[in-house]
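>>> can't give you the sequence, but here's the structure:
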């Protein structure tokens, strides 16, 4: 199943919802960064949440960044998404290994530990919007739920999951975000809370063969679920030699001149896809001349 995001509404638009399958993009991130299973799960969850939150944005050029800085061995990770289903990310430490947690699962919370989640929205204004919350469980879904409630005042339920194969490739990945509108009735809220409480895990539902539509049908099917949109989702890094060149130019003439005088090629690596860009002293001289 190709990765994609669905948008939906329920209960006469008292509820809005998003769900997605993200196995391919989580696996692509694992390949790019050569992550251990715990970091694959953590980054896969953040990529999934970021992709759905990016799809909430209106402008074609709007960008969303989720940034975790934490005191656990993982140190942190960053994810960037646009409004068209494209997402990319990188971990600070790709190879954390820990024993399973008390539930026998990958200990994402232990790998991250206490920290801060920042949500940065660049919507083309003079300054981006920045919201910050302390990590609550460091399991990511609960932390995004807390962010929505405290920073955006939107009661939400976030479910995210990544299931690994024995060979450490990604077997399943996906999630949902369900949000209550301000005018939601108590009966609607109560019915939703009851359904959410009955969900064991996102990966359990995906293992049952449920699609993103099926995830939402399981939760909201009794409340008049309507699928309003579908969009493909993928891991996409938009780095290029041109963009890297602009970054080098931005460091200034003095620093570029020093690199030329060292008479050694410089290598610039993309954090998101690990692509390497080589600039020779001659390349740098041309930059100065231009």
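Sure thing, it's come through. What you see is a predicted model; the values in this text were computed from it and never measured. Numbering: from 1, shown residues only.

>>> switch to C-alpha atoms for all contacts and neighbour counts from now on
Noted.

>>> can you tell me the closest non-neighbouring residue to the most centrally placed residue in the chain?
Ranked by distance to the mean C-alpha position of the chain (C-alpha atoms, centre = their mean), the top residue is residue 47 at 2.3 Å. Once flanking residues are discounted, residue 47 sits nearest to residue 79: 6.1 Å by C-alpha to C-alpha, 6 or more residues apart in numbering.

>>> helix or strand for that neighbour, which one?
Element membership of residue 79, judged by DSSP states H and E, is strand 76-82.

>>> quick check: mean pLDDT of the next helix or strand after that strand?
Tracing the chain past strand 76-82, the next element assigned as helix or strand by DSSP H and E is strand 86-91. Per-residue pLDDT values across strand 86-91 average out to 98.

>>> and the strand holding residue 79 with strand 86-91, angle?
Here the directions of strand 76-82 and strand 86-91 differ by 170 degrees (axes from the mean of the first three to the mean of the last three C-alpha atoms, to 10 degrees).

>>> which residues of the stretch 151-290 of the chain fall in strands?
For the stretch 151-290 of the chain, the strands defined by DSSP state E, counting those that start in this stretch cover 156-164, 170-180, 226-232, 234-235, 266-269, 276-279.

>>> on that earlier part again, the strand holding residue 79 - contacts with which helices or strands?
helix 37-55, strand 63-70, strand 86-91 (3 or more C-alpha pairs under 8 Å, 6 or more residues apart in numbering; DSSP states H and E).

>>> residues contacting residue 6?
With contacts defined as C-alpha atoms under 8 Å, 6 or more residues apart in numbering, residue 6 is in contact with 18, 19, 20, 212, 213, 227, 228, 229, 230, 231.

>>> wait, the second one sits on residue 5?
Yes: here residue 19 lies in contact with residue 5, judged by C-alpha atoms under 8 Å, at a distance of 5.7 Å.

>>> so which of the two has more stuff around it?
Using other C-alpha atoms under 10 Å as the criterion, residue 19 and residue 5 rank with residue 19 on top: 29 against 26.

>>> so what sits opposite that one in the bridge?
residue 6, residue 176 (DSSP bridges).

>>> mind checking how far it is from residue 46?
The gap separating residue 19 from residue 46 is 14 Å, by C-alpha to C-alpha, to the nearest Å.

>>> which neighbours do the two share?
By C-alpha under 8 Å, 6+ apart, no residue touches both residue 19 and residue 46.
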